[in-house]
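>>> Dropping a prediction and its sequence here:
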Amino acid sequence: MIKADAVADRKALQQQGTAVCARLDRDPNAYRVPVELAEIYAIADFLSAAECARFRDMVDDVAAPSNTFDEPGGPGSSPYRTSYSGDVERYDPFVQMIERRIDDLLGLDATLGETVQGQRYTPGQEFQGHYDWFVTSAAYWPEQKRRGGQRSWTAMIYLNEVEAGGVTEFPRLGISIPPQQGLLLAWNNARSDGAPNDQTLHAALPVERGVKYVITKWYRTRHWC
């Protein structure tokens, strides 16, 4: 028997997916990436050069070796996430301003959003193929279910150009997106029926030259805490 919380999550994922896509499809600044099996949008120059520089400094202040939700034996080699990352100060007025802009872009309530996480990749560092949605049979799920349920949408912003490498790849969709300063990528982690979309498998390919900075904000189906 399907549990009530799973039904609620799936219904919320359906509703959020429909609402956010409708909102972005009406936005003249949002470009819908032409793929059939997932819903991915790109918004150029979402952050200014000055805003990107400020976030890069904030990422440097909190960066530590990245961790993952996966249990031992997860995808890829070990370690398969070799970047540095950390949550920025959520109550910083600058961060709150940018979060409000992301919330407004997607039309999602601020209470659904996780704290913005910054990531930094130096040459050779990567994040191999992974999903942003949660595996509900994993050991971490009860805690994540309590903290806000399944992840619905991802919003990721590139904070700089990269000399070489550092491309974001969706291998099952056949698309690769190079870092572009200020560009926001947003994608729905669920299918139209509310089930996790395994076509959203994505990877941060190794940086070859230079340093790559991004920030990511994930949204949940319920109030995140």
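Great, that's in hand. Residues are numbered from 1 along each chain as shown.
>>> Nearest the middle, which residue of the chain would you pick?
Nearest to the mean C-alpha position of the chain, by CA atoms, centre = their mean, lies residue 154 at 3.5 Å.
>>> three-state assignment of that residue?
Counting by DSSP: H, G, I helix; E, B strand; the rest coil, the backbone at residue 154 sits in strand.
>>> any idea what sits nearest it, other than its immediate chain neighbours?
residue 132 (4.9 Å; CB to CB, 6 or more residues apart in numbering). For glycine as for every other residue, the C-beta is placed from the backbone atoms N, C-alpha and C.
>>> Would you check how far apart the one you found and residue 21 are?
17 Å (CB to CB, to the nearest Å).
>>> any weak-confidence spans in the chain?
Where the chain drops to pLDDT under 70, the residues are 1-2, 70-79.
>>> Beyond the lengthiest helix in it, next helix or strand please.
For the chain, the longest helix by residue count, based on DSSP state H, is helix 4-26. Elements were assigned by DSSP states H and E; along the chain past helix 4-26, the next helix or strand is strand 31-32.
>>> strand partners of that following strand, parallel vs antiparallel please.
strand 40-43 (antiparallel) (DSSP bridges).
>>> Now do the contacts for the residue nearest to the centre of the chain.
132, 185, 186, 187, 189, 216, 217, 218, 219 (CB atoms under 8 Å, 6 or more residues apart in numbering).
>>> Quick check: residue 144 touching residue 114?
No - if you go by CB atoms under 8 Å, residue 144 and residue 114 don't touch, sitting 10.5 Å apart.
>>> Appreciated, that's everything.
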